[in-house]
Structures are given as C-alpha cells and as structure tokens.
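S.K.: The following comprises the amino acid sequence and a computationally predicted model.
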Number of protein chains: 2
Amino acid sequence: MTATDNLDNQALSSVTAAEARLLIRDGRYQGQTAGLAPGYLQANLAILPQENALDFMRFCQRNPKPCPLVGVSETGDPMLPTLGHDINIRSDVPAYNVYRNGVLDETVNDIADLWRDDFVTFALGCSFTFEHALVKAGIPLWHFQHRKTVPMYRSNIMTRAAGPFGGETVVTMRALHPDKVDEAHEICRRYPLAHGAPLHVGDPGAIGIDDLYQPQWGDVPPPIGDHIPVYWACGVTPQNAIVRARLPLSITHRPGHMLLTDIDEQAEVPVI
Amino acid sequence: MTATDNLDNQALSSVTAAEARLLIRDGRYQGQTAGLAPGYLQANLAILPQENALDFMRFCQRNPKPCPLVGVSETGDPMLPTLGHDINIRSDVPAYNVYRNGVLDETVNDIADLWRDDFVTFALGCSFTFEHALVKAGIPLWHFQHRKTVPMYRSNIMTRAAGPFGGETVVTMRALHPDKVDEAHEICRRYPLAHGAPLHVGDPGAIGIDDLYQPQWGDVPPPIGDHIPVYWACGVTPQNAIVRARLPLSITHRPGHMLLTDIDEQAEVPVI
C-alpha cells in the first residue's frame, strides 16, 4: 500500500458505514471516525476472554449510562451480525489498543494474529449519537465547532462493581448556555444507548473534579464564561474498568477510532 | 399461618415495594402483583445456572424489547442490591414456576430449598410500567378496566438466538382507538426498560396470529369494533425461550406474580 492509498476523514464522510468498514478493513483508512458515515451508530469496543464476559456484562447492566451495551458476539466468533453486514471485528476498526496485565502494550490496526477462540466482543454506544442530536437541535458544542476532543475527567461517582470490574465513572464535559441545559437533558434522555441524560450539572467539585481546565483525557476547554458545565457518563469508564481489572490480555478500540455499525442512530434497538 | 393472615391485593395497594416484599416473604401475600406498590418498577424473573447465564444475557441484549434486562445477581447470591433494599429472591416473590427439562413441574411460594450456588437471577422489565403511563395519559386499556389479563399470542416474529435460547416473540395485544395509536407509540418509546414501542399495529395475520379471539395466554378480548389492535413484545418471550432450552432446572416467577423492586417506574436506569 502506498501513502496515496490512504484516504482522509473527508473522503469517508459521504459513504455508508458498510463501505467505510471495507476501506478500513483494506487498511486504506486508519484515522478517527468522528463525522464518518453520518447517521449510523458508532460503538466503543471491548474484547475480553469468555471467563470475564459474564462479569463484564453484569458491569454494563449495572452501569448502563457509561456502558450502554449495543452488541455482544458469540464466543470466539469475530463477526457481529446483529450490528451490521459482514462486520469482522478483527479488521474493521481503524485502530485497536492492546492491553497486557492492565497496561497499554501496543496500538495496532488489525488484531487477526491476536484473535483467540475464547474471545467475546462487546460493543457499547458512544456520545456521537447524542451530540448529533444536540447539534441538530441548535445546541452548539465547542469541541465539534473547533474539531477538538471533548474533555474527560475521572469523577468520584463510583460504578457498581461486578467481578474484577469497577472504579470511578469517567465523565465528559460540554459547556452549555444556561437556557439550553433543560432541553439538552430532555434530548439526551431519549438516547439510552448513547449515555442518556447528563449525570451532573454545575459545580465540578461536587463530583470530584478539581480543575475543569486540567482534564485527564481530551482537550483543555476554553474559559467557561457565562456557560454552565454539563457532565455526561463517558465510554472511557469501561476502558478504565478493564485496565483496573489487569486482565492478562484485553483489547479495546483506540479512543476516537470507533466501530461503524449499520444501525440507524435513531433506532430504538441496536439490532438489524 | 391462618387464613386470616392472608392479605388481599387491595391491602397491599398502598404500601411501598419494600413493605410488600416483607409481607410476601412472611407468606402473608401470595397473589398477583398488578396494582401493588404503585409507582415502583415490577419485574419478570428468570433464575438459571451460571453455565447458561452468558447466553441468556446475550439473548436479552439481542432481544431488548421482549427481554429488557433490569437486574442480574452475582452467581449464587440470592440478593439483588441494585434493584432494592434487602431483596432476597428466594422468598420475596409471591409465587414461582419451577421447570424441569423444559416442563412446568411445580408452582411454589418459596425457593429456599431449591437454591443452588451456581444460580444467577435475572430481572426483566414488564408491561405494567408503560400501561400505567398510557392510563395516566388518558388512553383506556380494556384489561385494566375489567381486571382481566391482557391477551398474549405466539407471533411469527423470531427472536435473535443465543446458545440454547431462541424461538418466537410472544406479543400482547391492546385495542386502541385509532386516534390514540400514535400517542401510545410515542409514550411507550420512552420506556425501553418496559418493552418500548409497539412491534406491530393492525392485521394480526401479518405477524402470524390466526385468530385474535384465541390468545395462547390471558383472557379473550372483546370484539375489536372501531378500535385497532396494537401489539407489544411480551415478557413471556424469555419464559418461552427458557422452556424451549429444556434446561434440567430453571425457575421463573408465576405469571402475574412479579418481583416488586424499589426502582421508580420513571427512573432512567434501573439501579438504586
């Protein structure tokens, strides 16, 4: 493959999810998926051995706002037929993080050689879905407008543990005009598969955030001014729980590099 | 316990779910739970060996409308702390169906002597939640008004299988005035933990129902007249899937005799 084979984000903004996945599978696109295949549900990814799968599903069931489960594979089967046509999770995500004993060991673009017969794939809804709904409703989002990554923070809101999975809820923050907070809540409540309504509004200290301008992940937000910080449960929470569990081997998507599904973002259930 | 110790449904209509559970635990109430502890989420129940638990969770994830999972226990632990205070699933449900090799073997009021260290309890949302919302919105329901059981039918809408679990979706039917169908859809869409929006509206034959007046379960509905039959996914679907799986031993609630949780019916997530 030559450098000219690589497509940019713009080139993939007008193709379907299925078409984008094929380009990703062929190694022609390895970038972030924000803005790609608009209208389709994008998903966070966790691949774990079966021995941890029941506990991880319990963890997701008990923490549905940070961990909205949208798909689960058969054990050892790399396909995800309920989420789309011919999805092969070994190759159809632009980049993967490989964790060994809870430490990020490598970032790769294909996991075919790491695949095991006891692996179970979990797909979880992500914030793109409700962000699209907010923007559509005329509620501007700073990180969208400036092509930044939303700031993320470790809160003191504890998850409900299951087996080795637990820890703090990671939250995202979006600053909204005070007039828009209730409407944003109302809109997001309609997307239980995309983190749902905000967890908290206002004082960052109340949920254990010391400094709004020192996020643990993502970009530093601009001065809040006359806006109000609004916090949502974040898909980094399950990644954090997986890291804490120190499994010998686990795989997630590389943050921002999501699975593109064939599910309509507006669908009531994430099953084709 | 003497006969006079037994309380009737009316006596429990003004107590909290936690109070009602204690009366049930003490054997003082063994009846249906419709109308009990108003405002609290009621749940269908499935108790299975751990070896089937991962597949059953997959089945629920792939069929969220008939099988909206609201709680999962630890293996061997009879308590359900995410659903309420001091819920002991061995005694706190009015009546249980015990299946052996897929056949209903006995109906009991306590399962303490059947409990096993490998049992996992699953609680699933039920139709009471959206029915209350419909009635509150001024949409009358025949079976509510006449204290009947909603008619249920085996449809030809197939579930997405997982392991030994699969089969047809069982649906309930409620006849609505044509003017109310859209509003009912809109209301139910807000309750993903209670079967969500209807699966079908109109022609019963289109979903494999031969005769609206011969339901497989529940009461025969009155002539449809100028109303339209509206069909929702039903919690008998997972019971049906469990029966089909012919597990050596599985336990469900006795239909109509649900688990009363401490979760607010309007709650976004089913976790206290």
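M.R.: That came in fine, so what should we check first? Residues are numbered from 1 along each chain as shown, chains lettered A, B, ... in the order given.
S.K.: Can you pull up the residues of the stretch 151-272 of chain A that come close to chain B?
M.R.: A:160, A:162, A:189, A:190, A:192, A:196, A:197, A:268, A:269, A:270, A:271 (Cβ under 8 Å from any Cβ of the partner chain). Quick note: C-beta positions are derived from backbone N, CA and C, even for glycine.
S.K.: Filter those down to the buried ones.
M.R.: Neighbour counting with 16 or more other Cβ atoms under 10 Å in any protein chain shown marks A:162, A:190, A:192, A:196, A:197, A:268, A:269, A:270, A:271 as buried within those.
S.K.: Is it correct that the third one is in contact with residue B:268?
M.R.: Spelled out, it's residue A:192. Yes - assessed by Cβ atoms under 8 Å, residue A:192 is found in contact with residue B:268 at 7.2 Å.
S.K.: still on that earlier bit, and of the residues of the stretch 151-272 of chain A next to chain B, the nearest to residue A:245?
M.R.: Residue A:245 has its nearest neighbour among those in residue A:162, at 10.2 Å by Cβ to Cβ.
S.K.: Mark out where each domain of chain A begins and ends.
M.R.: A:3-127+A:250-264, A:133-237 (automatic domain parsing).
S.K.: Buried deepest among those domains, which one?
M.R.: domain A:3-127+A:250-264 (a mean of 20; mean count of other Cβ atoms under 10 Å in any protein chain shown).
S.K.: Just put the domains of chain A in CSV and tack on mean pLDDT.
M.R.: What follows is these, written out as CSV (pLDDT from 0 to 100):
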stretch, mean pLDDT
domain A:3-127+A:250-264, 94
domain A:133-237, 96
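S.K.: how about stretch A:197-207 as PDB, C-alpha atoms only?
M.R.: C-alpha atoms of stretch A:197-207 as PDB (Å, rounded to 0.1, in the frame of the first residue of the first chain):
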ATOM      1  CA  ALA A 197     -29.200  12.200  30.200                       C
ATOM      2  CA  PRO A 198     -26.300  14.100  31.900                       C
ATOM      3  CA  LEU A 199     -25.100  12.800  35.300                       C
ATOM      4  CA  HIS A 200     -24.400  16.300  36.700                       C
ATOM      5  CA  VAL A 201     -24.800  20.000  36.000                       C
ATOM      6  CA  GLY A 202     -22.600  22.800  37.500                       C
ATOM      7  CA  ASP A 203     -20.000  22.600  40.300                       C
ATOM      8  CA  PRO A 204     -17.200  20.300  39.100                       C
ATOM      9  CA  GLY A 205     -16.000  19.900  42.700                       C
ATOM     10  CA  ALA A 206     -19.300  18.200  43.600                       C
ATOM     11  CA  ILE A 207     -18.300  15.200  41.500                       C
END
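S.K.: follow-up on the earlier one: make a markdown table from the domains of chain A and add distance to residue B:140 to it.
M.R.: Compiled in a markdown table, those are given as follows (distance: least, Cβ to Cβ, whole Å):
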| stretch | distance to residue B:140 |
| --- | --- |
| domain A:3-127+A:250-264 | 32 |
| domain A:133-237 | 26 |
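S.K.: Could you list which of the residues of the stretch 151-272 of chain A next to chain B belong to helices?
M.R.: residue A:189 (DSSP state H).
S.K.: of all the residues of the stretch 151-272 of chain A next to chain B, which comes closest to residue A:28?
M.R.: Closest to residue A:28, out of all of those and judged by Cβ to Cβ, is residue A:270, at 26.7 Å.
S.K.: and the gap between the closest one and residue B:188?
M.R.: 18 Å (Cβ to Cβ, to the nearest Å).
S.K.: same check, this time on residue A:229
M.R.: From residue A:229 to residue B:188 the distance is 34 Å (Cβ to Cβ).
S.K.: Residue A:94 touches residue A:254, doesn't it?
M.R.: Yes - if you go by Cβ under 8 Å, residue A:94 and residue A:254 touch, sitting 7.4 Å apart.
S.K.: quick one: secondary structure of residue A:248?
M.R.: For residue A:248, the secondary structure call by DSSP: H, G, I helix; E, B strand; the rest coil comes out as coil.
S.K.: quick revisit: so which of the residues of the stretch 151-272 of chain A next to chain B are in strands?
M.R.: Members of those lying in strands (criterion: DSSP state E): none.
S.K.: Return the member of the residues of the stretch 151-272 of chain A next to chain B nearest to residue B:23.
M.R.: For those, the nearest to residue B:23 is residue A:160 (27.9 Å; Cβ to Cβ).
S.K.: Report the contact partners of the nearest residue to the closest one once chain neighbours are set aside.
M.R.: Using Cβ to Cβ, 6 or more residues apart in numbering or on different chains and skipping residues adjacent in sequence, the residue nearest residue A:160 is residue A:62, 3.9 Å away. Contact analysis of residue A:62 by Cβ atoms under 8 Å, 6 or more residues apart in numbering or on different chains lists A:159, A:160, A:161, A:162, B:72, B:82, B:271.
S.K.: Wait, the last one touches residue A:160, no?
M.R.: Spelled out, that is residue B:271. Yes - with contact defined as Cβ under 8 Å, residue B:271 and residue A:160 form a contacting pair (6.3 Å).
S.K.: shared neighbours, these two?
M.R.: In contact with both residue B:271 and residue A:160: A:62, A:63, B:82, using Cβ under 8 Å, 6+ apart.
S.K.: still on that earlier bit, could you identify the most distant pair in the contacts of residue A:62?
M.R.: Maximum distance among the contacts of residue A:62 (Cβ to Cβ): 14.6 Å, for A:159 and B:72.
S.K.: No further queries at this time; thank you.
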